[in-house]
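*Asks:* okay, sequence plus prediction incoming.
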Amino acid sequence: MKVLVFPLNSLILSDLVLRRGHEPLTSMDVIAERVEDKPLKSPPYNVEDSDLVKALRYTPVDLPAGAKGRIALFAKLVEEADAALIMDSEACFGPSGCFRANMALQALIRRRGLPTLRVEEPSDPVKAEKLLKVVDEFLGEPKPLGGLVRGSSTPKVLRITSHPKVSTYPTEVPRIALLSCGLEYSGVYGEVVDAIRSVGAEVYIPEYSKEKVGEIESVFGFKPVSGDLRLLMAQALSLLELKINVRGALVMTCFRCGEGSLVRHVVRSFIAERLKIPVVAYSFTERTRAYNMQLRVEALYNLAVRRRLYKIPVKGGLALGVDSGSTSTKAVVIDGGEVLGFSWRPTVDVERDAEIAAREALEMAGVNLSQLDAVGVTGYGRLRISELFEDSFKVDDVNSSAFGALLLSGERSCLILDIGGTDSKAVSIRDLTPTSFTVGGTCAGASGRFLESAASRLGVTVEELGEMAVEGLSSNVTLNAYCAIFGMQDVVALLARGLDRRSVAAAVCRSIAEQFYQQFLGDIDVVSPLIHVGGTSLVEGLTRALEEVTGIKALKPKHSHLAGAIGAAAMALNSR
């Protein structure tokens, strides 16, 4: 008889089944089949998109990715089983470390009508004796050891790899700690590792121990139900005792997991406060790819390794900064931190628009390219436009916007918000040092594109929408604050009902501010004041809405829309 054991990786239950002459069905068998004699396309368990699609036979589509991945791997054990032996353990780890997946798998066991024995985890010899007795009644008496045969119990070498030669004095590679729950079961673990390695960093997986798991409630004030979230918190505790240098941390949990969201926020704050290193918190799906993580990982790397660039450049150095954004291209010429010339134009052709913007900024400043001491490029098109300028300095748009905002505002500690055409970036700064940041929201409802669409429907420019919003009352109107499509449907419907255009404009600005408040502030440190930069900072009504919704004093410095280009130019000067 085939008996499914639960937790799926329980060696104790597996042994009890085997000693009674039955075949235990465990997660170890499934995982061995996955990695044996196969290239690891999606390490560590080769979970791919096709597996996650199969999981939809058993689970709703909006289940967190890590839970779906576990079900994709282990549902077949339920299908093969003739009976089930389930131990009610306080917390399971690894294959059974997700409470949601455990509920789904046990519901599947119930639906199949499998004969099932539920037992409690024994805490003393008396309860252990009772456990053996009820197992004997369910599976029969133990068989002689000599008669037990199980092919899969033979040790197997899953892979043999040669170790590359390491130099006697190797160059230290910056390490980024990766703390996650469900990542290895979602099929995107390798994508995250690739993203980290693509910027020249190496992944460090913190270890944990039973003792650290036992400490989490006293340190954090609570312990989650899912075992693997407990392990994530234990990993955070182990980081405090590291003997090696970790330069930054990436904390990842499944999108749509409420418990994971809480743990992600708590652990991010804990690491940032205790270790004083930059931390990125991110919720992933099964669709997350390396290029989705590129900006976040590159920004994290630069925050960790290039902190020296966050200093006010000395006057007397001329630099050009070009910000090739998704919707607009900006160029500035600075002398130290002073803006001498600038240009701003829509992005249509990345290289052509960068050339034109740079030429116009140089002409306004009255200098030519040969007089420059440095050139910095940033934005989505930075890799392409870097080829236009010899020896240009490339920097991600998170750091360039943050540093530009610091220079323009004169603040040493603040919260910087750059709402761009297709995404948004928020960075916390304490004493000129970035401590945390986040990129993007759930939907385009918090982007410049939404403002452009709303302004077009109102028949005004984006700047005019901001002026109208100052005069309107957002309390008269409710908009969908999460999706640009549904938000625009609300705008059209409200105008059709004859509502005042100024109040609709105010509601548009407030909806963006509310999304920032609801989705961004949980992943960053809250610092005052809030410095609003980027193209949307020209929308006066949005700056006011941000202050009203967050309760944080919001400032808009001069040249706020050029912060990214200014930051790139200043960092290029500091990098010499």
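*Replies:* Received, thanks. The model shown is predicted, which means the values in this text are computed figures rather than measured ones.
*Asks:* quick check: which element contains the spatially most central residue of the chain?
*Replies:* Centroid check for the chain by C-alpha atoms, centre = their mean gives Tyr282 as the closest residue, at 1.8 Å. Assigned by DSSP states H and E, Tyr282 falls within strand 279-284.
*Asks:* the residue nearest to the centre of the chain and Ala354, how far apart?
*Replies:* According to C-beta to C-beta, to the nearest Å, Tyr282 and Ala354 sit 30 Å apart. Backbone N, C-alpha and C define where each C-beta goes, glycine included.
*Asks:* and for the strand holding Tyr282, what's in contact with it?
*Replies:* Contacts made with strand 279-284 from outside it, assessed by C-beta atoms under 8 Å, 6 or more residues apart in numbering, are listed as 65, 183, 186, 188, 192, 248-257, 260-261, 264-265, 267-268, 271-272, 293, 296-297, 299-300, 435-438, 522-523.
*Asks:* related to what we said a few turns ago, quickly list what the residue nearest to the centre of the chain is bridged to.
*Replies:* With DSSP bridges applied, the residues forming beta bridges to Tyr282 are Met252.
*Asks:* so Ala426 sits in a helix?
*Replies:* No - secondary structure assignment (DSSP: H, G, I helix; E, B strand; the rest coil) places Ala426 in strand, not in a helix.
*Asks:* show me the contacts for it.
*Replies:* By C-beta under 8 Å, 6+ apart, the contact set of Ala426 is 415-418, 437-438, 516, 520-521, 524.
*Asks:* could you do Ala506 as well?
*Replies:* Taking C-beta under 8 Å, 6+ apart, one finds 468-474, 477, 541, 545 in contact with Ala506.
*Asks:* tell me the confidence at the closest residue to it other than its chain neighbours?
*Replies:* Using C-beta to C-beta, 6 or more residues apart in numbering and skipping the chain neighbours, the partner closest in space to Ala506 is Gly472 (3.4 Å). In this model, Gly472 is scored at 82, pLDDT.
*Asks:* OK, contacts around Gly472?
*Replies:* 500-507, 541.
*Asks:* and which of those is nearest to Ile429?
*Replies:* The shortest gap between Ile429 and any of the contacts of Gly472 belongs to Gly541, at 25.3 Å (C-beta to C-beta).
*Asks:* hang on, that closest one packs against Ile512?
*Replies:* No - with contact defined as C-beta atoms under 8 Å, Gly541 does not reach Ile512; the gap is 9.9 Å.
*Asks:* ok now the helix or strand just after the strand holding Tyr282, how far from the chain's centre?
*Replies:* Note on strand 279-284: by DSSP H and E, the next helix or strand toward the C-terminus is helix 290-305. Offset of helix 290-305 from its chain centre (C-alpha atoms, centre = their mean, to the nearest Å): 11 Å.
*Asks:* and helix 290-305, what's buried?
*Replies:* Within helix 290-305, the residues that qualify as buried are 290, 292-293, 295-305, counting by 16 or more other C-beta atoms under 10 Å.
*Asks:* and the furthest pair within the residues you listed?
*Replies:* For these, and using C-beta to C-beta, no pair is farther apart than Asn292 and Val305, which are 21.7 Å apart.
*Asks:* which SS class is Val377?
*Replies:* Three-state secondary structure (criterion: three-state DSSP) places Val377 in strand.
*Asks:* and the gap between it and Lys330?
*Replies:* Relative to Lys330, and taking C-beta to C-beta, Val377 is found at 11 Å.
*Asks:* joint contacts of these two?
*Replies:* Counting by C-beta under 8 Å, 6+ apart, the residues touching both Val377 and Lys330 are 322-323.
*Asks:* tally of neighbours for the closest residue to Val314 other than its chain neighbours?
*Replies:* With sequence-adjacent residues excluded and distances taken as C-beta to C-beta, 6+ apart, Val314 is closest to Gly336, at 5.9 Å. Using other C-beta atoms under 10 Å as the criterion, Gly336 is surrounded by 15 other residues.
*Asks:* what residues are up against Gly336?
*Replies:* 312-317, 573.
*Asks:* follow-up on the earlier one: list just the nearest of the buried residues of helix 290-305 to Leu388.
*Replies:* Distance from Leu388 was checked for each of those by C-beta to C-beta. The minimum falls on Glu298, at 20.3 Å.
*Asks:* skipping adjacent residues, who's closest to that closest one in space?
*Replies:* Nearest in space to Glu298, with sequence neighbours left out and distances taken as C-beta to C-beta, 6+ apart, is Asp396 at 4.6 Å.
*Asks:* cool, and Ser324?
*Replies:* Using C-beta to C-beta, 6+ apart and skipping residues adjacent in sequence, the residue nearest Ser324 is Gly381, 3.1 Å away.
*Asks:* same thing with Asn245?
*Replies:* In space, and not counting its chain neighbours, Asn245 is closest to Arg175: 6.7 Å by C-beta to C-beta, 6+ apart.
*Asks:* check what pLDDT the one you found gets.
*Replies:* At Arg175, the predicted lDDT confidence score is 93.
*Asks:* for Thr288, see how far away it is.
*Replies:* Arg175 is 22 Å from Thr288, where distance means C-beta to C-beta.
*Asks:* got it, and Lys223?
*Replies:* Distance from Lys223 to Thr288, counting by C-beta to C-beta: 27 Å.
*Asks:* again, but for Ser453
*Replies:* The span separating Ser453 from Thr288 equals 27 Å under the rule C-beta to C-beta.
*Asks:* which of these two has more residues huddled nearby?
*Replies:* When neighbours are counted by other C-beta under 10 Å, Ser453 and Thr288 differ, and Thr288 comes out ahead with 22 against 18.
*Asks:* grab the nearest non-local neighbour of that one.
*Replies:* Nearest to Thr288 is Val188, by C-beta to C-beta, 6+ apart, at 4.6 Å.
*Asks:* that neighbour reaches Tyr291, doesn't it?
*Replies:* No - Val188 sits out of contact with Tyr291 when judged by C-beta under 8 Å, with a separation of 11.9 Å.
*Asks:* so Tyr386, which of the three states?
*Replies:* You called it Tyr, but residue 386 is Ser. Judged by three-state DSSP, the three-state class of Ser386 is helix.
*Asks:* let's see the pLDDT reported for it.
*Replies:* Ser386 is given a pLDDT of 93.
*Asks:* any idea how far Ser343 is from it?
*Replies:* Separation of Ser386 from Ser343 (C-beta to C-beta): 18 Å.
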